[in-house]
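1. task: produce atomic coordinates for the following.
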Amino acid sequence: MIQNQCPHLPTLPPKRRLKNPTARRRTAQTVSWVRPRTATRPTVRRMVSSAASVEDGDFYGMNAALLATNGATVTIKNATVNSSAQNGNGVFSYGSGTTVNISDSTIMTSADNSGGIQTTGGGTTNAENLTVTTSGNSSAAIRSDRGGGTVNVTGGSYTSNGYNSPAVYSTAAITVKNAKLAANNSESLVIEGKNSIALENCTVSGNMSSTKGSSSSENVHTVMIYQSMSGDADIGTLEFSMTGGSPIGKTAICSTSRTRTAS
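-> Here you go, the predicted model:
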């Protein structure tokens, strides 16, 4: 199990969280939960700043707008989350025993390396009826990274607009049902290593460029499955399934062992 290497993150005082579930941050700080919390109709803005390293943001949630860690169970309803920070993932679940339950919420990120919902280190994310939009490069709408975890998504729309930014990037066990998945400048789905994506009744669209990002005219696809040597995912057999729904894209599946470029 990967241990949290990032410094202690600032948290809202417990009394304030209990009295007022609306968390509003206009400075370069992450709202971090380490104990069970329920937040209804919070508005969170994450601005400026960048993580000390890309890994701190990708693996441990540094710079995320909302971070649950240390085994916390967090329930978020009717939230609006906006992040313009580099490595500023929207809602982040990190670590074994940590669970984020989020529903009926809107998440928007605009900088690079800034996913919509992110799960790492064995965490769990349960998402229902979200509207997620990412605009930066390497910013998957549904995103996971080193240590993986479990992600269950039901309903909603998940749209990425940057290059190397699939709608779903899996180093975890990810299940998506009855949702719209759209990648406007990338392949739509990526599975790295011994992990999975299972889709049920989803509309899936990809629009990978033939000239920009990691593409070339010979490497345009809608689904990519691969094993990198980065150490971010275990080596083994991956699983991909799609039941019902409709895939829309230029090419079906690309299988490769190249180093990760989309996330």
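2. every contact and neighbour count from this point should use C-alpha atoms.
-> Fine.
3. and the helices in the protein, which stretches?
-> 14-19, 54-60 (DSSP state H).
4. least confident of the ones you listed, on average?
-> Per-stretch mean pLDDT for the helices of the chain is lowest at helix 14-19 (a mean of 27).
5. pLDDT below threshold where in the stretch 51-200 of the chain?
-> Counting by pLDDT under 70, the stretch 51-200 of the chain has low-confidence residues at 51-53.
6. please repeat the previous calculation with a cut-off of 90.
-> Flagging of the stretch 51-200 of the chain using pLDDT under 90 yields the residue ranges 51-59, 146, 192-194.
7. so where do the strands sit in the stretch 101-250 of the chain?
-> 106-109, 117-120, 123-134, 142-144, 149-160, 168-170, 173-177, 180-183, 189-192, 196-200, 203-206, 223-226, 239-243, 246-248 (DSSP state E, counting those that start in this stretch).
8. mind putting the ones you listed into CSV with mean neighbour count and distance to Thr75?
-> Listed next are the strands of the stretch 101-250 of the chain as CSV, based on neighbours: other CA atoms under 10 Å; distance: least, CA to CA, whole Å:
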stretch, mean neighbour count, distance to Thr75
strand 106-109, 25, 14
strand 117-120, 32, 14
strand 123-134, 25, 9
strand 142-144, 32, 18
strand 149-160, 23, 14
strand 168-170, 30, 22
strand 173-177, 22, 19
strand 180-183, 26, 23
strand 189-192, 29, 27
strand 196-200, 20, 24
strand 203-206, 23, 27
strand 223-226, 22, 32
strand 239-243, 14, 29
strand 246-248, 15, 31
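9. wait, which of those is closest to Ala72?
-> strand 123-134 (9.8 Å; CA to CA).
10. touching that closest one from outside, list them.
-> With contact meaning CA atoms under 8 Å, 6 or more residues apart in numbering, strand 123-134 is reached by 93-110, 114-117, 119, 140-141, 148-162.
11. walk me through which strands that strand pairs with, and which way each runs.
-> strand 99-103 (parallel), strand 106-109 (parallel), strand 149-160 (parallel) (DSSP bridges).
12. now the strands of the stretch 101-250 of the chain as a markdown table including distance to Lys77?
-> Below are the strands of the stretch 101-250 of the chain laid out as a markdown table (distance: least, CA to CA, whole Å):
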| stretch | distance to Lys77 |
| --- | --- |
| strand 106-109 | 10 |
| strand 117-120 | 14 |
| strand 123-134 | 10 |
| strand 142-144 | 18 |
| strand 149-160 | 14 |
| strand 168-170 | 22 |
| strand 173-177 | 19 |
| strand 180-183 | 20 |
| strand 189-192 | 27 |
| strand 196-200 | 24 |
| strand 203-206 | 25 |
| strand 223-226 | 31 |
| strand 239-243 | 28 |
| strand 246-248 | 29 |
